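Enquirer: any chance you can model this:
(one chain, ligands or ions: 1)
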Amino acid sequence: MEILKTPTVQWGAAAAPQPGRKTPTLQWGAAEAPLPGQNESGDRFLVEPFNNGVLIAVVDALGHGHRAAQIAAQTTDTLARHACDNVTALVRRCHEMLHDRHGATMSLASLDWPSRRMTWLGIGNVAGVLVPHAFVAEARVKHLLVRGGVVGGDLPDLQPSTIMLAHGDTLIVATDGIDEQFADQLPQDLTPQPLAEHIFAHYAKSTDDALVLVARYSVAADGREP
Ligand SMILES: [Mn+2]
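Expert: Numbers count the residues shown, from 1 in each chain. As a prediction, the model looks like this:
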């Protein structure tokens, strides 16, 4: 399993700090491994900042091994080049790119800093949940809609959903190599990288490539750590 440092993406990070200004930040971590016996994974993620936003993508290319890894990489490269496009346009672009190859399933979340909104579009078998701030007792994990289909194959109707983000909201996106029950019992006090590793350690299946990405939205006053 690849262990990554927890990176952060911050809106306006290059600007001079201003007392009282609130700076939205995305902190993320991921854990992944190929199907046992394979050297490469067909699951791949992308966290790509663009002007005023960040594109988060998790892709599961059909099949396993080198061929699937190549297709997954071509798909995330395409998404990265056009990260500021809306999620519907991104899926259509990938659909055209993949139409003569094996397809892929994918879930995309495009975060817009100024409006604090996240637009979600899921196709196939990449699950997404949004966990409210601090796992407060009455809060519920929200399962995000994923429609059956394949990008590059049988594409479903593309109907994105838009969600207002609040401080501390955590998006978890996982391929079908992670048991979907991962959201039933989430530990309460982990930052994104340890949470991704926890989910992977407890819910990764040994029958498929597996990948989980955790991204937490926060808003902190300038000069403080998020
Ligand atoms: Mn899979």
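Enquirer: show me what contacts the nearest residue to Val150 once chain neighbours are set aside?
Expert: Take Val150 and drop its neighbours on the chain: the residue closest to it by Cβ to Cβ, 6 or more residues apart in numbering is Gly103, 4.0 Å away. Every C-beta, even on glycine, is put in place using the N, C-alpha and C of the backbone. When contacts are counted by Cβ atoms under 8 Å, 6 or more residues apart in numbering, Gly103 touches 61-62, 150-153.
Enquirer: from those residues, which land in helices?
Expert: Nothing among those maps onto helices, per DSSP state H.
Enquirer: which of those lies closest to Asn39?
Expert: Ala61 (15.0 Å; Cβ to Cβ).
Enquirer: now the element after the lowest-mean-pLDDT helix or strand in the chain, going C-ward?
Expert: Ranking every helix and strand in the chain by mean pLDDT, DSSP states H and E puts strand 8-10 at the bottom, with a mean of 79. Next in sequence after strand 8-10, counting helices and strands by DSSP states H and E, comes strand 22-33.
Enquirer: all strands for the chain, in order.
Expert: Remark: strands assigned in the chain by DSSP state E are 8-10, 22-33, 43-50, 53-61, 104-112, 117-123, 127-131, 142-143, 146-147, 161-164, 170-174, 210-221.
Enquirer: export the ones you listed to a markdown table and tack on mean neighbour count and distance to the ion?
Expert: Formatted as a markdown table, the strands of the chain follow (neighbours: other Cβ atoms under 10 Å; distance: least, Cβ to the ion, whole Å):
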| stretch | mean neighbour count | distance to the ion |
| --- | --- | --- |
| strand 8-10 | 17 | 26 |
| strand 22-33 | 21 | 11 |
| strand 43-50 | 21 | 6 |
| strand 53-61 | 26 | 4 |
| strand 104-112 | 26 | 8 |
| strand 117-123 | 22 | 13 |
| strand 127-131 | 21 | 11 |
| strand 142-143 | 14 | 18 |
| strand 146-147 | 16 | 13 |
| strand 161-164 | 12 | 23 |
| strand 170-174 | 26 | 10 |
| strand 210-221 | 23 | 8 |
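Enquirer: export the ones you listed to a markdown table and tack on distance to Tyr203?
Expert: Listed next are those as a markdown table, based on distance: least, Cβ to Cβ, whole Å:
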| stretch | distance to Tyr203 |
| --- | --- |
| strand 8-10 | 25 |
| strand 22-33 | 10 |
| strand 43-50 | 14 |
| strand 53-61 | 15 |
| strand 104-112 | 17 |
| strand 117-123 | 18 |
| strand 127-131 | 11 |
| strand 142-143 | 15 |
| strand 146-147 | 17 |
| strand 161-164 | 24 |
| strand 170-174 | 8 |
| strand 210-221 | 8 |
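Enquirer: among those strands, which gets the worst mean confidence?
Expert: Averaged per stretch, pLDDT over those is lowest on strand 8-10, reaching a mean of 79.
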